[in-house]
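Visitor: sequence-free structure coming up:
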């Protein structure tokens with residue numbers, strides 16, 4: 001288990017970088033103030049989307065922002081953005097983590113309720129800003145992807161859509177959530193940390209990318225096999241449009257769909273292309289609650 005933790009640390013260490021200046025606004029979900037990026041066009045009269053990004057194991061809110069660069073799109077796309085920090089471990093290297101599933105990445109058996117914390121952050125922002133209740137979104141990387149699935153399942157009445165990069169569902173053995181949620185899994189086929197085909201960490205199994213999206217397609221009432229959804233260039237160090245999309249959108253319950261973007265040859269921490277953030281934010285904003 002600790003060897004896996006060490007692998008996660010090495011693969012995500014590059015993400016623990018500080019970001020540039022963020023807007024002065026802050027919000028407190030119960031664990032201290034968090035920077036909140038607010039679009040210049042925000043006037044309080046028109047409701048705007050909210051995006052919450054969840055970092056990977058050992059990283060931070062600043063780290064995922066530095067890596068994915070969603071803050072660059074706050075003004076042009078008109079959404080609120082908050083990137084919280086996970087809890088630090090009580091032992092070992094005191095790494096930050098999210099208590100998302102048995103597999104990843106609560107290695108110290110903490111009882112912290114991070115699903116409730118994610119909801120508390122959302123509610124704190126709603127209490128101070130005019131958030132569109134139909135456009136509350138989650139994005140997570142690795143452990144943060146596991147956490148996004150967990151929070152989307154637990155709070156399906158609140159979350160419209162979520163994106164996981166190199167994470168996995170933590171609820172495949174549970175009944176469907178109360179409400180449909182649009183989900184997008186992005187995963188490198190050569191991910192050696194969170195396997196594309198699924199694996200286990202510390203004896204706790206997690207599903208692969210295909211199994212994850214198929215399970216959520218079932219949750220969302222989608223029928224039939226996945227269909228081709230085109231190609232994209234999401235990895236800057238792999239030539240051409242290396243990413244293929246598989247979409248589960250047939251006969252889905254309103255407000256739900258499931259999609260997989262497979263990065264052929266992609267690793268656990270892909271070198272993201274200049275359009276990655278645009279593709280992800282564009283997908284989210286196109287998937288509100290009904």
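Guide: Great, that's in hand. Predicted, not measured: the structure shown is a model, and the values here were computed from it.
Visitor: Give the residue spans of the protein that score low on pLDDT.
Guide: In the predicted model, the chain carries pLDDT under 70 at residues 1-24, 171.
Visitor: can you pull out the helices in it?
Guide: With DSSP state H as the criterion, the chain has helices at 2-12, 61-68, 74-77, 114-128, 143-154, 209-219, 276-285.
Visitor: I figured residue 133 hits residue 289, correct?
Guide: Yes - applying Cβ atoms under 8 Å as the test, residue 133 and residue 289 come out as touching, 7.5 Å apart. Where you see a C-beta, it was placed from the backbone N, CA and C, and this is true even at glycine.
Visitor: Comparing those two, which residue is more hemmed in?
Guide: Higher neighbour count among residue 133 and residue 289: residue 289, with 21 against 14, using other Cβ atoms under 10 Å.
Visitor: looking at it, the more buried one is touching residue 160, isn't it?
Guide: Yes - checked against Cβ under 8 Å, the pair residue 289 and residue 160 is within contact range at 4.4 Å.
Visitor: Next, show the common contact partners of these two.
Guide: 134, 135, 255 (Cβ atoms under 8 Å, 6 or more residues apart in numbering).
Visitor: So what's the residue count around the residue nearest to the second one when sequence neighbours are not counted?
Guide: The one in question is residue 135. Nearest residue to residue 135, sequence neighbours excluded (Cβ to Cβ, 6 or more residues apart in numbering): residue 49, at 3.7 Å. The local packing of residue 49 (other Cβ under 10 Å) involves 21 other residues.
Visitor: and residue 49, how far is that from residue 30?
Guide: Between residue 49 and residue 30 the distance is 23 Å, computed by Cβ to Cβ, to the nearest Å.
Visitor: now swap in residue 287 and tell me
Guide: Distance, residue 287 to residue 30, by Cβ to Cβ: 28 Å.
Visitor: of these two, who's got more company?
Guide: More crowded of residue 287 and residue 30, by other Cβ under 10 Å: residue 287, with 22 against 10.
Visitor: So that one sits against residue 256, correct?
Guide: No - assessed by Cβ under 8 Å, residue 287 is found out of contact with residue 256, at 9.3 Å.
Visitor: Tell me the residues that contact both of those two, please.
Guide: residue 182.
Visitor: I'd like to know which of the shared contacts of residue 289 and residue 160 are buried.
Guide: 135, 255 (16 or more other Cβ atoms under 10 Å).
Visitor: so how far is residue 61 from residue 28?
Guide: 14 Å.
Visitor: residues shared between the contacts of the two?
Guide: Counting by Cβ under 8 Å, 6+ apart, the contacts common to residue 28 and residue 61 are residue 34.
Visitor: Comparing those two, which residue is more hemmed in?
Guide: Using other Cβ under 10 Å as the criterion, residue 28 and residue 61 rank with residue 61 on top: 22 against 13.
Visitor: which ones are touching the closest residue to that one other than its chain neighbours?
Guide: Excluding the flanking residues, the one nearest residue 61 by Cβ to Cβ, 6+ apart is residue 83, at 3.5 Å. Counting by Cβ under 8 Å, 6+ apart, residue 83 makes contact with 34, 35, 52, 53, 54, 55, 61, 62, 64, 65.
Visitor: Next, format those residues as TSV and append distance to residue 105.
Guide: Shown next, in TSV, are these (distance: Cβ to Cβ, whole Å):
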residue	distance to residue 105
34	21
35	24
52	18
53	17
54	12
55	11
61	16
62	19
64	14
65	20
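Visitor: Can you get me the start-to-end distance on stretch 249-263?
Guide: 20 Å (Cα to Cα, to the nearest Å).
Visitor: buried sites along the strand ranked longest in the chain?
Guide: Counting residues, the longest strand found in the chain (DSSP state E) is strand 131-141. Residues 131, 132, 135, 136, 137, 138, 139, 140, 141 are the ones in strand 131-141 that count as buried (16+ other Cβ under 10 Å).
Visitor: Tell me what the first one is bridged to.
Guide: Just to be clear, that refers to residue 131. Judged by DSSP bridges, the bridge partners of residue 131 are residue 48.
Visitor: residues in contact with it?
Guide: When contacts are counted by Cβ under 8 Å, 6+ apart, residue 131 touches 47, 48, 49, 50, 80, 122, 125.
Visitor: Repeat that for the third one.
Guide: Going by Cβ under 8 Å, 6+ apart, residue 135 touches 47, 48, 49, 50, 79, 160, 285, 288, 289.
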